[in-house]
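Novice: Here is a sequence together with a model predicted from it:
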Amino acid sequence: MARISLIEPENASPEVKEIYEQKLRGKPGNVQKALAHRPDMLKNFLSFYASVGKSLDRKLYELLYLRVSLINECHYCSQHHIAGSKRVGLTPEDWSALKQGSYGRFSEKEQAALVYAEKLTRKPQSVGDADFAELKRYFNEAEIVDLHLLVGLANLTNRVTDALGLEVEVPEEKI
């Protein structure tokens, strides 16, 4: 159960109703309903969220978001990104490999990104030139910036959703 009230469409201010309709097609999730306590932040967050990861392949985006969420044991984000990962062809076997930190089934490019995302999540202060040299084998600088922002975004949402007690709105999957 959520630790704060969630702003349902019927109880939303006109400003929040407009955001719900224009940005979310009238179907806000629980995270948006929580952020609606700060309409300006909700609006900015939705724009930021939609812009992060655009230079990356969608499969890689889902691999990274899901792996970071699994490292952080974020139930809400893991479940949402399992649902998203299905749309790009990831399987229960892929989810299990991600949960175990076993990347051998993925491409070399995906492995490089996953290894880096794990390091950036667990020990960001330990990132060094050798890590960047490996990334630069597969990614241009715009993609490297996007990868950093995506990992940071996943870590951010992981620290918001479960801590606020947000319930998952999608059918849940076991890994």
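Specialist: In hand now; what should we look at?

Novice: Which of the three states applies to Glu167?
Specialist: Judged by DSSP: H, G, I helix; E, B strand; the rest coil, the three-state class of Glu167 is coil.

Novice: from what I can see it touches Met1, true?
Specialist: Yes - Glu167 lies in contact with Met1 (CB atoms under 8 Å); the separation is 7.0 Å. Quick note: C-beta positions are derived from backbone N, CA and C, even for glycine.

Novice: These two: which is more packed in?
Specialist: A count of neighbours by other CB atoms under 10 Å puts Glu167 above the other of Glu167 and Met1, at 12 against 5.

Novice: Moving C-terminal from whichever strand or helix holds Ser85, which element do we reach first?
Specialist: Counting by DSSP states H and E, the element that carries Ser85 is helix 75-86. Per DSSP H and E, the first helix or strand lying C-terminal to helix 75-86 is helix 92-100.

Novice: Give me the contacts around that following helix.
Specialist: Here helix 92-100 makes contact (CB atoms under 8 Å, 6 or more residues apart in numbering) with 63, 66-67, 70, 82, 85, 103-106, 114, 173, 175.

Novice: How about stretch 112-131?
Specialist: 60, 63-64, 67-68, 71-72, 98, 101, 103, 106, 134-135, 137-139, 147-148, 151, 154-155.

Novice: Now with 10 Å, please.
Specialist: With CB atoms under 10 Å, 6 or more residues apart in numbering as the test, stretch 112-131 has contacts from 56-57, 60-61, 63-72, 97-98, 101-103, 106-107, 132, 134-139, 143-144, 147-148, 150-152, 154-155, 158.

Novice: out of those, which are inside helices?
Specialist: Counted as lying in helices by DSSP state H, out of those, are 60-61, 63-71, 97-98, 132, 134-136, 143-144, 147-148, 150-152, 154-155, 158.
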